[in-house]
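# Here's a sequence, model it:
(one chain, ligands or ions: 1)
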Amino acid sequence: MRIETLAVHAGQEPDPSTGAIMTPVYLSSTYAQQGPGGHKGYEYSRTDNPTRTALQKNLAALEGGTHGLAFASGCAAATTVMHLFRPADHIVVADDVYGGTFRLFDAVFRPMGLEFTFADLSAPDALERSLRPATRGVWLETPTNPMLKLIDIEAAAKVCRARSIALMVDNTFATPILQRPLDLGASLVVHSTTKYLNGHSDVVGGAVVTGDDETWTRLKYLQNAIGATPGPMDCFLVLRGIKTLHLRMARHCENAIAIARRLEGHRQVERVIFPGLESHPQHALARRQMRAPGGMISFVLRGGLARARACLETVRVFACAESLGGVESLIEHPAIMTHASVPPETRARLGISDGLIRLSVGVEDIEDLWEDLERGFAAAG
Ligand SMILES: Cc1ncc(COP(=O)(O)O)c(C=O)c1O
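Below you'll find the model as predicted:
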């Protein structure tokens, strides 16, 4: 089946006892056993829950993997994945990952003995130059956040496969509708389902999908042992959100392309970063690796912080908020908001300047969105 059909149906059958089309929300924490050990696949809801099972199967199908695992947040998914490694293992990480991922690796796992090298993996041979004999994993996002750099997943997978290194791709920004890392050779895919997969800004959740049985067996053990699992209501909401993922992504991309083009021609805008523009340094890779360029745009407003602040305080259709990927448009200032945990010197190196603004373009009417941005630019002077 094709991905649009999988989004609606994968992992879900009408409920055998009632015929209910929508997967029930199994709010039970425990399950009756006929006798000790005589259960029907469910014993305790941290270990397994039927609503979570449906979501996990759906996620696995969408990413083209064999197994999915759902978590309480994207950070919970990343935390569980990091427990695949041992002290002194070395992991190469793209230098432009989500600030919370950077914080998790740098401030939580580094003191526990894991070693990390943060490198600009969009540069062709940066990955090979960052490898050490102890390298066991590579973690990347593409497009990156917030600079929207692209990393060639297939090329990275080739390097990793030759050395038995696990390639982990955070596919939150692209979603499996636009890019499927497992098809390109990644070992596992990570998501913050909080974003496009759920799509309605009413759940915090995470996921991992893999096609490798051994990795899944260990992660399944860790999912239960660590216990950072999502509640059944959250699983239901993400599953419901995914049913329209393909429709929403098409509209997010359509609106984002139109806004990026208009921003590029605006006198108050110094630079627009969007993989769908010919001016993006990796536009060719975007066309090869992604079905469409996504709904995220970063741009630099001339005049620095004061003007950026005036713009963010004036817009009304765009909500000034962290997060991304919901049906509603959001606007944020990475240096003050999402990437405040990244040290100032690192921000400066990455290009996260005081004039940088990030948009999560929603599915509203394009003219309403543009008029709103123009209001913000007028207030910025
Ligand atoms: C690309 C990316 N990965 C992971 C995360 C972390 O996910 P969560 O906030 O669900 O823990 C985020 C959150 O913004 C993100 O943008």
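# contacts and neighbour counts: CA atoms only from here.
Noted.
# Grab the nearest non-local neighbour of Arg180.
Glu63 (5.8 Å; C-alpha to C-alpha, 6 or more residues apart in numbering).
# Angles on the backbone of that neighbour, please.
Backbone dihedrals for Glu63, given as degrees, to the nearest 10, come out at phi -90, psi 0.
# got the residues of this structure near the ligand?
Residues of the chain found near the ligand, taking C-alpha under 6 Å from any ligand atom as the criterion, are Ser73, Gly74, Cys75, Tyr98, Thr172, Phe173, Ser192, Thr194, Val204, Gly205, Gly206, Ser323.
# Mind checking which of these are in strands?
Secondary structure of those is defined by DSSP state E; positions in strands are Ser192, Gly206.
# between the residues of the chain next to the ligand, which is nearest Thr346?
Out of the residues of the chain next to the ligand, the one with the shortest distance to Thr346 is Tyr98. That distance is 13.0 Å, counting by C-alpha to C-alpha.
# For that closest one, list the residues it contacts.
In this structure, Tyr98 makes contact with Thr144, Asn145, Pro146, Thr338, His339, judged by C-alpha atoms under 8 Å, 6 or more residues apart in numbering.
# Now do the contacts for the residue of the stretch 251-381 of the chain found nearest the ligand.
Per C-alpha to the nearest ligand atom, the residue of the stretch 251-381 of the chain with the smallest distance to the ligand is Ser323, at 5.2 Å. With contacts defined as C-alpha under 8 Å, 6+ apart, Ser323 is in contact with Lys195, Leu330, Thr338.
# coming back round to it: among the residues of the chain next to the ligand, which are in helices?
Among the residues of the chain next to the ligand, the residues falling in helices (DSSP state H) are Gly74, Cys75.
# what does the model give the closest residue to the ligand within the stretch 51-200 of the chain for pLDDT?
Closest approach between the stretch 51-200 of the chain and the ligand, counting by C-alpha to the nearest ligand atom: Gly74, at 3.4 Å. For Gly74, the pLDDT comes out at 98.
# Then Leu369?
According to the predicted model, the pLDDT of Leu369 comes to 98.
# and for the helix or strand containing it, what are the contacting residues?
Leu369 is part of helix 366-380, with elements assigned from DSSP states H and E. With C-alpha under 8 Å, 6+ apart as the contact definition, helix 366-380 has outside contacts at 255, 258-259, 268, 306-318.
# List the contacts of Pro281.
When the contact criterion is C-alpha under 8 Å, 6+ apart, Pro281 has no partners at all.
# Now do it against Phe274, distance only.
Relative to Phe274, Pro281 is positioned 10 Å away (C-alpha to C-alpha, to the nearest Å).
# pretty sure Thr142 is in contact with Asn171, am I right?
Yes. Checked against C-alpha atoms under 8 Å, the pair Thr142 and Asn171 is within contact range at 6.9 Å.
# Contacts only, for the nearest residue to Gln12 once chain neighbours are set aside.
Take Gln12 and drop its neighbours on the chain: the residue closest to it by C-alpha to C-alpha, 6+ apart is Ala54, 5.8 Å away. Ala54 makes contact with Ala10, Gly11, Gln12, Thr23, Leu239, according to C-alpha under 8 Å, 6+ apart.
# which parts of the helix holding Leu369 are buried?
By neighbour count on 16 or more other C-alpha atoms under 10 Å, the buried set for helix 366-380 is Ile366, Leu369, Trp370, Asp372, Leu373, Glu374, Gly376, Phe377, Ala379, Ala380.
# for stretch 201-219, same thing?
Residues of stretch 201-219 classed as buried under the neighbour-count rule (16+ other C-alpha under 10 Å) are 201, 203-211, 215-216, 219.
# ok, which pair from these is furthest apart?
So, these by C-alpha to C-alpha: farthest apart are Ser201 and Thr215, at 30.3 Å.
# Output the lowest mean pLDDT helix or strand found in the chain.
Lowest on mean pLDDT, DSSP states H and E among the helices and strands of the chain sits helix 344-350, with a mean of 87.
# Can you pull out the residues in contact with it?
For helix 344-350, the external contacting residues (C-alpha under 8 Å, 6+ apart) are Asp95, Asp96, Met147, Ala335, His339, Ser353.
# What number of residues are in the vicinity of Pro36?
Using other C-alpha atoms under 10 Å, Pro36 has 7 neighbouring residues.
# So for it, what pLDDT did the model give?
95.
# In contact with Arg46, which residues are there?
Taking C-alpha under 8 Å, 6+ apart as the contact definition, Arg46 lies against Ser29, Asn224, Gly227, Thr229.
# The last one contacts Ala70, correct?
Yes. Because the distance of 6.6 Å satisfies C-alpha under 8 Å, Thr229 is recorded as touching Ala70.
# So between these two, which is more surrounded?
Relative neighbour count places Ala70 above the other of Thr229 and Ala70, with 30 against 25, counting by other C-alpha under 10 Å.
# Report the beta-bridge partners for that one.
Residues in a beta bridge with Ala70, per DSSP bridges, are Ala207.
# all helices of this structure, in order?
Taking DSSP H as the criterion, the chain carries its helices at 3-9, 50-63, 74-82, 99-103, 126-130, 153-162, 175-178, 213-226, 232-242, 245-264, 283-289, 304-314, 344-350, 366-380.
# Contacts made by the third one with the rest, please.
Spelled out, it's helix 74-82. Helix 74-82 has contacts (C-alpha under 8 Å, 6+ apart) with 70-71, 100-101, 104, 109, 190-194, 204-208, 219, 222-223, 226, 228.
# Could you tell me the angle between that helix and helix 213-226?
Helix 74-82 runs at 120 degrees relative to helix 213-226, counting by axes from the mean of the first three to the mean of the last three C-alpha atoms, to 10 degrees.
# next one: the second one
What separates the directions of helix 50-63 and helix 213-226 is an angle of 150 degrees, with the same axes, to 10 degrees.
# then helix 50-63 to CSV, C-alphas only?
Extracted in CSV, the C-alpha atoms of helix 50-63 (Å, rounded to 0.1, in the frame of the first residue of the first chain):
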residue,chain,number,x,y,z
PRO,A,50,-3.3,-1.8,22.7
THR,A,51,-3.7,1.9,21.7
ARG,A,52,0.1,2.3,21.7
THR,A,53,0.5,-0.9,19.7
ALA,A,54,-1.7,0.5,17.0
LEU,A,55,0.3,3.8,16.9
GLN,A,56,3.6,1.9,16.8
LYS,A,57,2.5,-0.3,13.9
ASN,A,58,1.3,2.8,12.0
LEU,A,59,4.6,4.6,12.6
ALA,A,60,6.6,1.5,11.5
ALA,A,61,4.6,1.3,8.3
LEU,A,62,4.9,5.0,7.4
GLU,A,63,8.7,5.0,7.9
